[in-house]
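> from the sequence below, what's the structure:
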Amino acid sequence: MNFPDDLFPTAWSLAAWLPVLVAWGLSAKRVAWRRLADSAQLHVLAGTVVVLALLWSMQAGVQPGLNFHLVGATVMVLAFGPYLALLGLTLVLAAVTFNGAAAWSGFALNVLVMAIVPVLVAHGIFRAADRYLPNHLFVYLFVPAFLGAALAVLAIGGTATLFLFAAGVYGGDYLMSEYLPYFLLLAFSEAWISGMAMTLMVVYRPEWVATFDDRRYLLNK
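Down below sits the predicted model:
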């Protein structure tokens, strides 16, 4: 899912910077920076970035740009909120790119596909569940954590496929048969790992999860 050098036309790489810069600006303005004043929270964020950088470096693929790896965007959104999650995923991508697993020339496109898209989807699922579903621990774990993670990965796959096809990098038939279907398998793995991670955190370290409140999801349940 990390696009390598010269895969897309220069115009695509440049145009991607506009939404990315807007998203960074909004995130920097709205993120709760005071939360990071707590050294424990800062350490959790730094540790999460390191773990995800390692996961993103372990990828499999058959063609340039057609690779797969776990993402962890939903865990970032639920643990830190959407704005800090976006900035954190940007740091993950920067580390992976510096390590040579992705291209600096396609950095904005990678941020758009690998950070902005899954953060929007994961946060949207959380907001919908928060508004329309009962306040219950199992609802929180199954819908925003499990289902949200799966849909976030599917959104990445759909967006990457659309970009690759629209830019003429690969043909539609090839992408539909050799690339997009594998995101169904990846989505299940992502959902299982994200659900497990969120379960452990809300049980043992609920203070690490910005979107979780013991009084709301556990009291009198």
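> which parts of this structure are strands?
60-63, 66-68 (DSSP state E).
> could I get those strands as a markdown table with mean neighbour count, distance to Trp104 and mean pLDDT?
From N, CA and C alone the C-beta is placed, and that goes for glycine too. As requested, those are arranged in a markdown table below (neighbours: other C-beta atoms under 10 Å; distance: least, C-beta to C-beta, whole Å; pLDDT from 0 to 100):
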| stretch | mean neighbour count | distance to Trp104 | mean pLDDT |
| --- | --- | --- | --- |
| strand 60-63 | 12 | 19 | 68 |
| strand 66-68 | 20 | 17 | 78 |
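> just put those strands in a markdown table and tack on distance to Asn135.
Listed next are those as a markdown table, based on distance: least, C-beta to C-beta, whole Å:
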| stretch | distance to Asn135 |
| --- | --- |
| strand 60-63 | 39 |
| strand 66-68 | 35 |
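> so which of those strands is nearest Asn2?
Ranking those by proximity to Asn2 (C-beta to C-beta) places strand 66-68 first, at 6.5 Å.
> give me the helices and strands touching that closest one, please.
strand 60-63, helix 182-204 (3 or more C-beta pairs under 8 Å, 6 or more residues apart in numbering; DSSP states H and E).
> same thing but 10 Å
strand 60-63, helix 148-166, helix 172-178, helix 182-204 (3 or more C-beta pairs under 10 Å, 6 or more residues apart in numbering; DSSP states H and E).
> who touches that strand?
1-4, 7, 59-62, 101-102, 153, 156-157, 160-161, 164, 169-170, 174-175, 178-180, 182-183, 185-186, 189 (C-beta atoms under 10 Å, 6 or more residues apart in numbering).
> circling back to that earlier point, can you say which of the helices and strands packed on strand 66-68 is packed in most?
helix 148-166 (a mean of 22; mean count of other C-beta atoms under 10 Å).
> between helix 182-204 and that one, find me the angle.
Per axes from the mean of the first three to the mean of the last three C-alpha atoms, to 10 degrees, the angle that helix 148-166 makes with helix 182-204 is 150 degrees.
> how far away from the center of its chain is helix 148-166?
Helix 148-166 has its C-alpha centroid displaced from the chain centroid by 11 Å (C-alpha atoms, centre = their mean, to the nearest Å).
> what's the answer for stretch 53-69, then?
14 Å.
> mind saving the C-alpha coords of that stretch as CSV?
C-alpha atoms of stretch 53-69 as CSV (Å, rounded to 0.1, in the frame of the first residue of the first chain):
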residue,chain,number,x,y,z
ALA,A,53,6.4,1.7,11.9
LEU,A,54,7.6,-1.9,12.4
LEU,A,55,4.3,-3.3,11.2
TRP,A,56,4.2,-1.1,8.1
SER,A,57,7.8,-2.2,7.3
MET,A,58,6.7,-5.9,7.2
GLN,A,59,4.8,-6.0,4.0
ALA,A,60,4.1,-8.4,1.2
GLY,A,61,3.3,-7.8,-2.5
VAL,A,62,3.8,-8.9,-6.0
GLN,A,63,4.2,-5.7,-8.0
PRO,A,64,5.4,-2.1,-7.2
GLY,A,65,2.7,-0.3,-5.2
LEU,A,66,0.7,-3.6,-4.8
ASN,A,67,1.7,-4.5,-1.3
PHE,A,68,-0.1,-5.2,1.9
HIS,A,69,0.5,-4.7,5.6
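> follow-up on the earlier one: export the helices and strands packed on strand 66-68 to JSON lines and tack on distance to Ala79?
Shown next, in JSON lines, are those (distance: least, C-beta to C-beta, whole Å):
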{"stretch": "strand 60-63", "distance to Ala79": "26"}
{"stretch": "helix 148-166", "distance to Ala79": "12"}
{"stretch": "helix 172-178", "distance to Ala79": "32"}
{"stretch": "helix 182-204", "distance to Ala79": "7"}
